[in-house]
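K.L.:
Quick one, what's the 3D model for this:
(4 chains)
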Protein chains: 2
Amino acid sequence: MVRKPKKQVIYEAAARLFQEKGYSAASMRDLAERVNLKASSLYSHIRKKEEILQKICFDNARRFLEGLDEIQQQFSSPLAQLEAVIFLHIDIALDDPTSITVFNDEWKHLEDPYLKDFVKLRKNYEQRLLDIIQEGQSSGVFTTVTPTTALNTMLTSLRWVHYKHAGDEPEKLRKDISALILGGIKV
Amino acid sequence: MVRKPKKQVIYEAAARLFQEKGYSAASMRDLAERVNLKASSLYSHIRKKEEILQKICFDNARRFLEGLDEIQQQFSSPLAQLEAVIFLHIDIALDDPTSITVFNDEWKHLEDPYLKDFVKLRKNYEQRLLDIIQEGQSSGVFTTVTPTTALNTMLTSLRWVHYKHAGDEPEKLRKDISALILGGIKV
DNA sequence: GTCTATAACTTGATAGAC
DNA sequence: GTCTATCAAGTTATAGAC
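P.N.:
Numbering: from 1, shown residues only, chains lettered A, B, ... in the order given. Predicted structure coming up:
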């Protein structure tokens, strides 16, 4: 029987709390109650509230970026890369739906310099996807919609898996979603 | 030169403020400053902070529901209806991007009984779209992905238009997005 | 590490003068 | 309708006893 370090228990409870009430509306007293502590005791484990949000946001950002690294090593065709990106987003969303919700919805409550850094990482990620799309268009396998329109439509269309997944098997879900997205992009 | 009623000025400033900082992090003092009043003076025009959020959320909900009413009177085929729904979402997003962001992202800060009512309206809207999708599947014009998967993918994929629109002409945007979404749904 | 106590400040909202 | 003054409650975070 392995006991989780209390710090981890706090982070996980915080993610659920931020998901439910939003970062700003979630108080340290709320959080403390959920881990059976007084608010002041939390500060033996973390330095400040924002630190929790930082970890959630940057851990997830890293996950996406490293996932994309692997994909670009493993696949060379734009179509295979894009499909793998779709699977990456679905798998991450299914693996940790709570923290991905916070990552998606609460990052704007980061303060500088973390906010700036976060936005930069994200811009980076999106630019790399944009390059894939444009390569696919050049080689004639993708339709010639405006690239940012294709990118944004694809990325946002993946933003429901984490909180609304109806109970399909992951395999069925991956198959359906990739068919829906790629069906619109492929020539 | 028509002067806007101050109440409307307040609502519009509030929508922008809620969009920028989120409902919870936006204070009545922030809002007052933006309309050159003291916080207490706001209460001559509104009863409470949540009242503003209510109006924004329910006004937009009504817009979508009435839009769907019209669509279902005007078109009979599932494909034509679904395309019209896509245009409806795009047009609303382009017409008032700020208030649609608040509608999309901040509704969860409504309190009961408004929260319950809002969720009910939304469920209603989504059920009607689900029926369209299922009719299209039955008549063989839509692929047989899980209907809720098609619905959620379609609806969330429309949730970027309001805040990221790159500068395309609306017509090009409507054409691209409907091609991307319907291309994945059509048989 | 957890507690009590508290500092220092912000919050939404009200009372009442003008 | 707008102001000043104020309230009661809530906020993050720290100090120091145990």
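K.L.:
for chain A, what helix or strand is lowest in average pLDDT?
P.N.:
helix A:161-164 (a mean of 82; mean pLDDT, DSSP states H and E).
K.L.:
Past that helix, which element shows up next along the chain?
P.N.:
Next helix or strand after helix A:161-164 toward the C-terminus (DSSP states H and E): helix A:170-185.
K.L.:
Pull the residues that contact that next one.
P.N.:
A:79, A:82-83, A:86-87, A:90-91, A:94, A:133, A:136, A:142-143, A:145, A:150, A:153-154, A:157-158, A:161, A:165, A:168, B:143, B:145-146, B:149-150, B:153-154, B:179-186 (C-beta atoms under 8 Å, 6 or more residues apart in numbering or on different chains). C-beta: built from backbone N, CA, C; applies to glycine.
K.L.:
ok, now with 6 Å
P.N.:
With contact meaning C-beta atoms under 6 Å, 6 or more residues apart in numbering or on different chains, helix A:170-185 is reached by A:83, A:86-87, A:90, A:94, A:142, A:150, A:154, B:145-146, B:149, B:153, B:180-181, B:183-184.
K.L.:
Narrow those to those that are buried.
P.N.:
A:83, A:86-87, A:90, A:142, A:150, A:154, B:145-146, B:149, B:153, B:180-181, B:183-184 (16 or more other C-beta atoms under 10 Å in any protein chain shown).
K.L.:
Quickly find the element holding A:N104.
P.N.:
Assigned by DSSP H and E, A:N104 belongs to helix A:97-106.
K.L.:
Show residues contacting that helix.
P.N.:
Applying C-beta under 6 Å, 6+ apart, the set of residues contacting helix A:97-106 from outside is A:A15, A:R16, A:F18, A:Q19, A:Y23, A:I56, A:C57, A:N60, A:A93, A:H162, A:Y163.
K.L.:
coming back round to it: among the contacts of helix A:170-185, which ones are in helices?
P.N.:
In helices, judged by DSSP state H, the following of those are found: A:83, A:86-87, A:90, A:94, A:150, A:154, B:149, B:153, B:180-181, B:183-184.
K.L.:
I'd like to know which of the contacts of helix A:97-106 are buried.
P.N.:
Neighbour counting with 16+ other C-beta under 10 Å marks A:A15, A:R16, A:F18, A:Q19, A:Y23, A:I56, A:C57, A:N60, A:A93, A:H162 as buried within the contacts of helix A:97-106.
K.L.:
Show me which residues of chain A are close to DNA strand D?
P.N.:
By C-beta under 7 Å from any atom of the strand, the residues of chain A that approach DNA strand D are A:A26, A:S27, A:M28, A:R29, A:D30, A:A39, A:S40, A:Y43, A:R47, A:K48, A:K49, A:E50.
K.L.:
For the fourth one, give its distance to A:L17.
P.N.:
When distances are taken as C-beta to C-beta, to the nearest Å, A:R29 and A:L17 turn out to be 11 Å apart.
K.L.:
neighbour count winner among those two?
P.N.:
Using other C-beta atoms under 10 Å in any protein chain shown, the more surrounded residue of A:R29 and A:L17 is A:L17, with 23 against 12.
K.L.:
Isn't that one up against A:M28?
P.N.:
No - taking C-beta atoms under 6 Å as the definition, A:L17 is not a contact partner of A:M28, at 9.9 Å.
K.L.:
what residues are up against A:W160?
P.N.:
Neighbouring residues of A:W160 by C-beta under 6 Å, 6+ apart: B:N152, B:T156.
K.L.:
For it, give me phi and psi.
P.N.:
According to degrees, to the nearest 10, the main-chain angles of A:W160 amount to phi -120, psi -20.
K.L.:
quick one: it and B:T149, what's the gap?
P.N.:
9 Å.
K.L.:
ditto for A:N124
P.N.:
Counting by C-beta to C-beta, the gap from A:N124 to B:T149 is 30 Å.
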